[in-house]
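Enquirer: A structural model of the following input is requested.
(2 chains)
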Protein chains: 2
Amino acid sequence: MNRLLADLRIVELSAFVAAPLGGMTMAQMGAEVIRIDPIGGGIDFNRWPVAPSGASLYWAGLNKAKRSVALALDKPEGRELARAIATAPGPGCGIVLTNLPPLPGLDYASLKTARDDVILLRLTGNRDGSAAVDYTVNAASGFPLVTGHGGGQPVNHVLPAWDIAAGLYLATALLAAERHRSRTGAGQEVTAALSDVMLAAVGHLGYVGDVQINGHARPAIGNDLYGSFGRDFATADGRRIMIIALTPRQWRGLGRATGLAEKFTMIGTIMEVDLETETGRFEARNAIAALLAPWCAARSLDEIGEAFAGTGVLWGRFQDFVGLVTQDPRCSTTNPLFAEVEQPGIGSYLMPGLPLDFGAAPRQPTRPAPLLGEHTDQVLSEVLGLASTEIGRLHDIGVAAGPTRP
Amino acid sequence: MNRLLADLRIVELSAFVAAPLGGMTMAQMGAEVIRIDPIGGGIDFNRWPVAPSGASLYWAGLNKAKRSVALALDKPEGRELARAIATAPGPGCGIVLTNLPPLPGLDYASLKTARDDVILLRLTGNRDGSAAVDYTVNAASGFPLVTGHGGGQPVNHVLPAWDIAAGLYLATALLAAERHRSRTGAGQEVTAALSDVMLAAVGHLGYVGDVQINGHARPAIGNDLYGSFGRDFATADGRRIMIIALTPRQWRGLGRATGLAEKFTMIGTIMEVDLETETGRFEARNAIAALLAPWCAARSLDEIGEAFAGTGVLWGRFQDFVGLVTQDPRCSTTNPLFAEVEQPGIGSYLMPGLPLDFGAAPRQPTRPAPLLGEHTDQVLSEVLGLASTEIGRLHDIGVAAGPTRP
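Expert: All right, here's what the predicted structure looks like:
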């Protein structure tokens, strides 16, 4: 959290990862982010992982520091209120972020009628508006067939990487569009498709060119690095580590730290490759690994850590989520990224803030996610100026709802 | 490409994915992005995949639409020129983006001495400045041990997902810091650690809370969705597809499209779960899959596509990179994301532009990556006002270099 964007208000109509992450990134830079959900919660309100209470740790994680408004979005009156909140006046207001199909009255044309300079950022599955989610986009990306050891069995990533990228593209786009509006007075609709986010990444990384120019695609090679040296190894105490030599400096450090430099030189001779180049190390990777595997297998993780300390060797240990949370000091309050925060309905646990440190905007305390509908009345009063009698009426007729304990 | 940020100039000292992607995102929104590399190229200049000429498709992919300057960054005079370019006057200038260890004279204090309102965005491996790359950060993330079928064998993702997220966080941070400067006149240093980007995502997705609140971590479950229904299936013609039912609507659509609705209901009864809930579908996933697997195995991919068309079923086909490039219409010039572009030293192939469509800033033609050093003389002349005799001297003494054919 910081206060860098404290003059912005963003209204979010969202679910799952992408738009919620984009909005939360703005909230963590101080923007007022109002997430409007249907009464009872959106389609992501119960998403796993969940706490014993049934409250979603996932929903809490992706909606920190936002305000929550619950409205009957299936009724015209609920949608009119949502549009009024989204298009309320104010120089930093009138910005809407969504990854849901547009509801009547909440499409760009309707929003623009209510506020001419509105900015709408809209993520779709495919460019033609058809549905796609991280799982289907990933299936089409080519990556699952080169993850793991191949053989035609796709291996999906577990990290929703395309959603995360899309959410951060939306955050970038939001600031670019707001910059344009502050200079010209003009709003706009900005659209992105999750499948285009995937296609752009595949192209940027060279894999489209690889097929078109070279006529082939990279193979599945387990945990090996493609085009350089990197592989996972087992240690004497049953752990696994990743050892990498991308640069000549890292490669020489590895030879020195393991005492294998001379044997590595002989491998270069035997395999007729230049191990000072990435290509050479990739071509000789099995021979290199044949030396490194017994070296690692004869040593515990701690012994390897000592041998590599200060040598410039690039390596890392594998750990599971339990190890990450309970044993990695980076995942604790010794890291300013984290704070122990009480999340209503769940309990107190480590919450990450924004993974960016701004010299000119000091970190503020991390704020938990709201209860669903926690700010309905406040927002109807503060943003729309509704009287408490009118707000009461909206509750009575089922158009607005207050906080729901998860 | 568009022209939204045409008044900004960003100087990039970078390698690999994160900072280059952040800078390229700015370039694709019209900013002038000058990547300064050592003469002969940085540590990523030959990164795979490469073309038959040896030129890197990866480097070309991540540096599109930039200007390239080659200077002897190992010499004080080369670093002085880099600092002068980075801190040259102009309201949209004085923005530096880096993911390399700071060189003498190019750290924040030195840049600020040359231009008080400079903005430096700096990505490190770990927060303490120690080295970490996507491979080591991923090993620590917990994800490789829940990717695939588990059993203690980590499976690395092939997509450099943490680097991509970090690059897009940098893009967001750049615009937030520039917004602050345009309002207050103050520059700043913004830092981010790749490991914090990972830790934030693990926390945001609920996995830190899962360990702390529930005392356990999610297991490895192959390609199954965690907490809902989703799995991959084989078709009669040897393809694989992903079928997902996240929402009640998708679940009911699946029952209707396959004709299995009645049997699904019986599964709910037998398994004593409510299949209208995500948790119920997750708990009964093997029974659901036992019905779906023979249904898919009896049909070709095309037949399944016809059966699912217009039903609201969420599904996708797996394809490899060759299939993506040669058979998926989204990866072609029928998609405005792509253009066929001639990349010097490589040839003509499909290049993606920015996966964002701005209503107020129409797409401009996609521009290829520069040759290394292609703009050295132009930048020294235009930005620093050096005379051609002085530029000639810099070449003669090996401080500046012109275009290098890859």
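Enquirer: Next, work out how far apart A:Val211 and A:Leu254 are.
Expert: 33 Å (C-beta to C-beta, to the nearest Å). Any C-beta I mention is one placed from the backbone N, CA and C, and that applies to glycine too.
Enquirer: How about A:Asp163?
Expert: Counting by C-beta to C-beta - A:Asp163 and A:Leu254 are separated by 36 Å.
Enquirer: of all of the stretch 151-300 of chain A, which residue lies closest to chain B?
Expert: Here the stretch 151-300 of chain A gets closest to chain B at one residue, A:Gly227, 2.5 Å apart by C-beta to the nearest C-beta.
Enquirer: can you tell me which residues contact the residue nearest the centre of chain A?
Expert: Geometric centre of chain A, nearest residue: A:Ile164, 3.1 Å, by C-alpha atoms, centre = their mean. By C-beta atoms under 8 Å, 6 or more residues apart in numbering or on different chains, A:Ile164 lies in contact with A:Val17, A:Ala18, A:Leu21, B:Ala161, B:Ile164, B:Ala165, B:Ala201.
Enquirer: Using CSV, lay out those together with distance to A:Glu303, secondary structure and pLDDT.
Expert: Formatted as CSV, the contacts of A:Ile164 follow (distance: C-beta to C-beta, whole Å; DSSP: H, G, I helix; E, B strand; the rest coil; pLDDT from 0 to 100):
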residue, distance to A:Glu303, secondary structure, pLDDT
A:Val17, 40, coil, 98
A:Ala18, 43, helix, 98
A:Leu21, 40, helix, 98
B:Ala161, 31, helix, 98
B:Ile164, 34, helix, 98
B:Ala165, 33, helix, 98
B:Ala201, 31, helix, 98
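Enquirer: Distance to A:Thr277 for the residues you listed - can I get that in JSON lines?
Expert: Shown next, in JSON lines, are these (distance: C-beta to C-beta, whole Å):
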{"residue": "A:Val17", "distance to A:Thr277": "39"}
{"residue": "A:Ala18", "distance to A:Thr277": "39"}
{"residue": "A:Leu21", "distance to A:Thr277": "39"}
{"residue": "B:Ala161", "distance to A:Thr277": "27"}
{"residue": "B:Ile164", "distance to A:Thr277": "26"}
{"residue": "B:Ala165", "distance to A:Thr277": "30"}
{"residue": "B:Ala201", "distance to A:Thr277": "34"}
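Enquirer: Next, whichever residue of the stretch 301-406 of chain A sits closest to chain B: secondary structure please.
Expert: Proximity to chain B, evaluated over the stretch 301-406 of chain A using C-beta to the nearest C-beta, is greatest for A:Gly316 at 2.9 Å. When classified by DSSP: H, G, I helix; E, B strand; the rest coil, A:Gly316 comes out as strand.
Enquirer: can I assume it is in contact with A:Ile241?
Expert: Yes. At 6.7 Å, A:Gly316 counts as touching A:Ile241 under the criterion of C-beta atoms under 8 Å.
Enquirer: returning to what we had before: how about the nearest residue to the residue of the stretch 301-406 of chain A closest to chain B, chain neighbours excluded?
Expert: B:Thr136 (2.9 Å; C-beta to C-beta, 6 or more residues apart in numbering or on different chains).
Enquirer: All set now, cheers.
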